[in-house]
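*Asks:* sequence first, then the predicted structure:
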Amino acid sequence: MTQQAVNAVGGQIAAVQMVSGPDVGPNLEVAARLVAEAAEGGAQLVALPEYFAIISGDERAKVAIRERDGVGRLQDFLSETASRHGIWLVGGTVPLVAEADGKVRNTTLVCGPDGKRVARYDKIHLFGFSRGQERYDEAETIEPGDSVVTFDSAVGRVGLSVCYDLRFPELYRAMGAVDLILVPSAFTYTTGKAHWEILLRTRAIENQCYVMAPAQGGRHPSGRVTWGHSMIVDPWGEILACRDEGEGVVAGLLEPSRIAAVRESLPALRHRRL
Ligand SMILES: NC(=O)CCC(=O)C(=O)O
């Protein structure tokens, strides 16, 4: 990252926290209500958490609601919700099946204020964790993506990542100079309690940009417990907003002058020796 230009225009941003269950309909109702709340509060860019449309005890359930690229209820929901409120809507993740190989990706879709898709990011790093009774192996149901994705929005340049990606700093370096990093997530309670805040603040500090992470947070009907703590962190690493658990919205102001001031006073990005 040699460029330190600040692209941002700035504006209100918001993260939606959910405690999704196994049925798509009620999850979409909650998402619609919370996105409306965020938009009515003035947010220009709103992001939903990972797997906002389904969290089930049976991991195969999320793959069962997969959609072909460009066709389906979840994609219609994102497009219609973005255009209804005239916002940039970051669709947490949805399971998308690729025409080429029939395999499912854990995908973030972004719709602009006119409802048209402006970006697609397939989660690159697939979560694996095994300790005691807890065991996760996302690679059993999902194929990894392989492309770094950024897009320009009303508030500035945005870099996309999902949950476990947060642990891989090289992904964020590969984004170049962005104003905002997004991390839609469903962190486990165990790993989130230990690492979530530290990782989010570190990514903000080392990339000198805002980080916003909408999360799943609470006890799901399946019995799974997620960490929540949806958060907005500023380029100095300060937490602007956080919600510990339960459904809700966290919002904050992305200020280009804040990014510029941090990068000017502490020019660490320029001091990198590649
Ligand atoms: N869904 C995920 O990628 C979970 C990641 C997680 O909990 C972690 O600790 O990393």
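*Replies:* Perfect, thanks for sending it.
*Asks:* mind saving the C-alpha coords of stretch 10-25 as CSV?
*Replies:* Extracted in CSV, the C-alpha atoms of stretch 10-25 (Å, rounded to 0.1, in the frame of the first residue of the first chain):
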residue,chain,number,x,y,z
GLY,A,10,-17.9,10.6,4.5
GLY,A,11,-21.3,10.0,6.0
GLN,A,12,-23.3,7.9,8.5
ILE,A,13,-22.7,4.1,8.4
ALA,A,14,-24.6,1.4,10.3
ALA,A,15,-24.2,-2.3,11.2
VAL,A,16,-27.1,-4.6,11.9
GLN,A,17,-26.8,-7.2,14.6
MET,A,18,-29.1,-10.3,14.4
VAL,A,19,-29.7,-13.6,16.2
SER,A,20,-30.8,-15.5,13.1
GLY,A,21,-32.8,-18.7,13.3
PRO,A,22,-33.5,-21.6,11.0
ASP,A,23,-36.4,-20.0,9.0
VAL,A,24,-35.6,-17.5,6.2
GLY,A,25,-39.0,-15.6,6.4
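*Asks:* quick check: buried residues in that stretch?
*Replies:* 10-22, 24 (16 or more other C-beta atoms under 10 Å). Bear in mind the C-beta positions are built from the backbone N, C-alpha and C, glycine included.
*Asks:* repeat for stretch 234-242
*Replies:* Neighbour counts over stretch 234-242 (16+ other C-beta under 10 Å) mark 234-235, 237, 239-242 as buried.
*Asks:* tell me the one among the buried residues of stretch 10-25 nearest to residue 32.
*Replies:* Nearest to residue 32 out of the buried residues of stretch 10-25 is residue 16 (C-beta to C-beta; 10.2 Å).
*Asks:* just the ones in strands from the buried residues of stretch 234-242, please.
*Replies:* If you go by DSSP state E, these have 239-242 in strands.
*Asks:* and the furthest pair within these?
*Replies:* Top of the distance list for those (C-beta to C-beta): 240 and 242, 8.3 Å.
*Asks:* spell out which residues are contacts of both of those two.
*Replies:* Both residue 240 and residue 242 are contacted by residue 232, under the criterion C-beta atoms under 8 Å, 6 or more residues apart in numbering.
*Asks:* leaving out sequence neighbours, find the closest residue to residue 225.
*Replies:* residue 189 (4.3 Å; C-beta to C-beta, 6 or more residues apart in numbering).
*Asks:* what sits against that neighbour?
*Replies:* 225-227.
*Asks:* list, one by one, the residues from the stretch 1-150 of the chain near the ligand.
*Replies:* Taking C-beta under 6 Å from any ligand atom, the part of the stretch 1-150 of the chain that reaches the ligand is made up of 50, 127.
*Asks:* so which of the contacts of residue 189 wins on neighbours?
*Replies:* Counting neighbours by other C-beta atoms under 10 Å, residue 226 leads the contacts of residue 189 with 26 neighbours.
*Asks:* nearest residue to that one other than its sequence neighbours?
*Replies:* Closest to residue 226 by C-beta to C-beta, 6+ apart is residue 216, at 4.0 Å.
*Asks:* hmm, stretch 179-192 touching the ligand?
*Replies:* Yes: judged by C-beta under 6 Å from any ligand atom, stretch 179-192 and the ligand are in contact via 186-188, 191.
*Asks:* buried ones among these?
*Replies:* 186-188, 191.
*Asks:* just the ones in strands from these, please.
*Replies:* Cross-referencing these against strands under DSSP E gives no overlap.
*Asks:* now those in CSV, with pLDDT?
*Replies:* Below are those laid out as CSV (pLDDT from 0 to 100):
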residue, pLDDT
186, 98
187, 98
188, 97
191, 98
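*Asks:* how about the contacts made by residue 193?
*Replies:* For residue 193, the contact set (C-beta under 8 Å, 6+ apart) comprises residue 227.
*Asks:* go on, residue 141?
*Replies:* Neighbouring residues of residue 141 by C-beta under 8 Å, 6+ apart: 59-60, 62-63, 104.
*Asks:* would you turn the ones in strands among the buried residues of stretch 234-242 into TSV with distance to residue 182?
*Replies:* Shown next, in TSV, are these (distance: C-beta to C-beta, whole Å):
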residue	distance to residue 182
239	16
240	15
241	14
242	16
